[in-house]
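In: I need the structure of the sequence given here:
(chains A and B)
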Amino acid sequence: MSADNAVRAEAVKTTANTGNKTMEAKKEVVKMQAEHLNLHYGSFHALKDINIKIAKNEITALIGPSGCGKSTFLKTLNRMNDLEEGVTIDGKVTLDSDDIYHGSLSAIQLRQRVGMVFQQPNPFPKSIYDNIAYGPRIRGVRGKDKLDQIVEESLREVGIWDEMKDRLHKSALGLSGGQQQRVCIARTIAVRPEVILMDEPTSALDPISTMKIEDLALKLKEKYTIAIVTHNMQQASRISDNTAFFLLGELIEFGKTQDIFLNPKNKKTEEYITGRFG
Amino acid sequence: MKAKENSWNFFVRLCGGIVIALPIVIGIFLIIRGNMTFTKYHHSIIEFLFSSNWAPADDMTGGGHVGSAVYIVGSLITCGLALLISVPFSMAAAIFMTEIAPKGGNKVLRPAVELFVGIPSVVYGWMGMTILVPFIKKIFNINQGYGVLSASLVLAIMIFPSITTVAADAIRSVPDSARKGAYGMGATRWQVIYQVVVPAAKTGIMSGVVLGLARAFGEALAVAMVIGKTRSFPKGILSPTTNLTSAIASDMGGVMEGGEYNAALWSMALLLFLISLLFIFIIHRMAGSAERKEKKLEKMAEQAAKAEAAANGGN
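Out: Down below sits the predicted model:
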């Protein structure tokens, strides 16, 4: 992708940033791409010939019934699958244009650029401050002033600085589920990743906390590229620009969210999003 | 049927009662016998703890000296050094069998470590005498290898399994979500282990260390075989000395029942009893405070969620 395109996309976004409606005017920049991706757990073929482009500064939703491979696919994007045994992957996944499995990028470097937010809020059993400072610290950021600044910026970005500023040195485990999840998002963005992967980030939360996380995702896409796995059809239609529908390890349909939800091409997609199975 | 039920009930209660009563009775007995040094023979606790003049009279008239400082210092130094030697190895083994190679760790290393516990202490002592003592004599080129270092090494090997198994259990109980969170941010395996997993398991690990220390303090036979049993303060880690358990084990049979010497040995036993009580108390306090902290945080999280709901409901 040329720098020109990126600049244009940014310009379009800032002048007419009204969500999905700007889609037609905006030139898409591909941030991550999977080509002919196959994944096996032992002999089980979990992902079958997946081809997806994750657009920069957009939210891509991955939907489908349990066991369809959507979470597995998400984990291939920052190589969290490496931590599991018996996983074999072939095909190509790129970040910008670097091959993340066969290129010079290590899994460690990759995960610093492609961060992850999990289904269950999983703050470390440390203070709120130390949770946010964890990523910068492991990347060698030292000095109180610098870390203070990163912690404040990150918490501001997720909208809980005012709630947290007087209790930064208390344990993050004493926060509500919704607060914990936002601390986890702040922890992820503290290292300034390029892509944020979210694996059903609101499924353990109440409706109000869910709404807050959704608003946050919409705000964060201005700076980051987001891929989100969700079980919640409304959530996918509310916040995503693109939607990928997975079924039994195959990518059934992938396109603009409004197309998928209003004019699905595949009958199975239609059946799933209208709630006939799943 | 009813009668059988009742007799079972009685039997179980009786056993439970005995188990509870036994340590209490032992404690009371130790206090009575151990106190005789101070009540019947009129020595001060200061003298007992801090003087090194050890010459108790082996009769009922008394008038000797019961300064046990050499024994106490011997116990403290050997146990402290044993801990210094053992903790790094125990931690490494615990981390290896849980984080690095959990499969092989559980199948091979864990049973192997547990086997260590079952080896009788006389075997450790004998191995120490036959292998370790001559080895130390040779590599340091000294007259004899008995002493603080030999005793500490034998103790270190003996407490290694206690610390390792408790620490490994603590590490294993750290939820996987914490590890994944750290990996997901680009942490290396080492960073995940020493910045997330070990700090999260630190209470359990500390319990293991205290348990190891308690074991080291109470060990008699193996230490007695290699410490050199010389009643003087050690001048260095290579010099021979003695300790509380060795003194009791070697002298208890040869002194007059009820005499001053005998009373002084009982005081040592009481001191050991109190030290192990202290260790057990520390372990319980640590576990208790960790549990309280966890409960408190859970409660805080619940309250935070309620407060949030209330605030949102008000809008």
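
In: all contacts plus neighbour counts: C-alpha atoms, from now on.
Out: Noted.

In: Now do the helices in the stretch 101-250 of chain A.
Out: Secondary structure of the stretch 101-250 of chain A, counting by DSSP state H, counting those that start in this stretch: helices at A:107-113, A:128-138, A:144-157, A:161-164, A:177-189, A:207-220, A:233-239.

In: what about the second one, average pLDDT?
Out: It refers to helix A:128-138. Helix A:128-138 shows a mean pLDDT of 94.

In: ok, now the last one?
Out: Regarding helix A:233-239, the rounded mean pLDDT is 92.

In: List the buried residues in that helix.
Out: By 16 or more other C-alpha atoms under 10 Å in any protein chain shown, the buried positions in helix A:233-239 come out as A:233, A:235-239.

In: neighbouring contacts of it?
Out: Helix A:233-239 is contacted from outside by A:59, A:61, A:63, A:214, A:217-218, A:230, A:243, A:257-258, A:261, A:273, using C-alpha atoms under 8 Å, 6 or more residues apart in numbering or on different chains.

In: repeat that for 10 Å
Out: Helix A:233-239 has contacts (C-alpha atoms under 10 Å, 6 or more residues apart in numbering or on different chains) with A:19-20, A:58-64, A:202, A:210-211, A:214-218, A:228-230, A:232, A:240, A:242-244, A:257-258, A:260-261, A:272-275.

In: Pull out the buried residues from those residues.
Out: For the contacts of helix A:233-239, buried by 16+ other C-alpha under 10 Å: A:20, A:58-64, A:202, A:210, A:214, A:216-218, A:228-230, A:240, A:242-244, A:257-258, A:260-261, A:272-273.

In: so which of the helices of the stretch 101-250 of chain A gets nearest B:Ala101?
Out: helix A:107-113 (19.9 Å; C-alpha to C-alpha).

In: pLDDT score for the nearest residue to A:Arg113 once chain neighbours are set aside?
Out: Leaving out its chain neighbours, the residue that sits closest to A:Arg113 by C-alpha to C-alpha, 6 or more residues apart in numbering or on different chains is A:Pro193, at 4.3 Å. Note on A:Pro193: pLDDT of 94.

In: ok, now which ones touch A:Pro193?
Out: A:110-116, A:223-225, B:185.

In: Just put the residues you listed in JSON lines and tack on neighbour count and distance to A:Val151.
Out: Formatted as JSON lines, the contacts of A:Pro193 follow (neighbours: other C-alpha atoms under 10 Å in any protein chain shown; distance: C-alpha to C-alpha, whole Å):
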{"residue": "A:Leu110", "neighbour count": "21", "distance to A:Val151": "22"}
{"residue": "A:Arg111", "neighbour count": "25", "distance to A:Val151": "20"}
{"residue": "A:Gln112", "neighbour count": "26", "distance to A:Val151": "17"}
{"residue": "A:Arg113", "neighbour count": "21", "distance to A:Val151": "18"}
{"residue": "A:Val114", "neighbour count": "29", "distance to A:Val151": "19"}
{"residue": "A:Gly115", "neighbour count": "28", "distance to A:Val151": "17"}
{"residue": "A:Met116", "neighbour count": "35", "distance to A:Val151": "18"}
{"residue": "A:Lys223", "neighbour count": "15", "distance to A:Val151": "17"}
{"residue": "A:Tyr224", "neighbour count": "21", "distance to A:Val151": "18"}
{"residue": "A:Thr225", "neighbour count": "24", "distance to A:Val151": "21"}
{"residue": "B:Met185", "neighbour count": "30", "distance to A:Val151": "15"}
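
In: for the helix or strand B:Ile31 falls within, the distance to its chain's centre please.
Out: Using DSSP states H and E, B:Ile31 maps to helix B:2-39. Distance, stretch centre to chain centre, for helix B:2-39: 24 Å (C-alpha atoms, centre = their mean, to the nearest Å).

In: need the next SSE after that helix, C-terminal direction.
Out: With DSSP H and E, the next secondary element past helix B:2-39 is helix B:45-50.

In: buried stuff in that following helix?
Out: B:47-49.

In: and that helix, average pLDDT?
Out: pLDDT averaged over helix B:45-50 gives 95.

In: counting contacts, what elements does it pack onto?
Out: helix B:2-39, strand B:65-66, helix B:69-95, helix B:260-314 (3 or more C-alpha pairs under 10 Å, 6 or more residues apart in numbering or on different chains; DSSP states H and E).

In: Check which element follows it along the chain.
Out: Helices and strands here follow DSSP H and E; after helix B:45-50, the next one along the chain is strand B:54-55.

In: Tell me if I'm right that A:Ile226 and A:Met198 touch.
Out: Yes. Counting by C-alpha atoms under 10 Å, A:Ile226 touches A:Met198, with 7.5 Å between them.

In: Give the intersection of the neighbour lists for those two.
Out: The contact lists of A:Ile226 and A:Met198 share A:61, A:115-116, A:217, where a contact means C-alpha under 10 Å, 6+ apart.

In: from those, which is closest to B:Lys293?
Out: Out of the shared contacts of A:Ile226 and A:Met198, the member with the shortest distance to B:Lys293 (by C-alpha to C-alpha) is A:Met116, at 28.3 Å.

In: low-scoring stretches of the chain, by residue?
Out: As the question left the chain open, I've gone with chain A. Across chain A, the ranges flagged by pLDDT under 70 are A:1-27, A:278.

In: um, chain B though
Out: B:1, B:313-315.

In: dump the residue contacts of the residue most central in space within it.
Out: Centroid check for chain B by C-alpha atoms, centre = their mean gives B:Ala214 as the closest residue, at 1.8 Å. Applying C-alpha under 10 Å, 6+ apart, we find B:Ala214 in contact with B:79, B:159, B:208, B:272, B:275-280.
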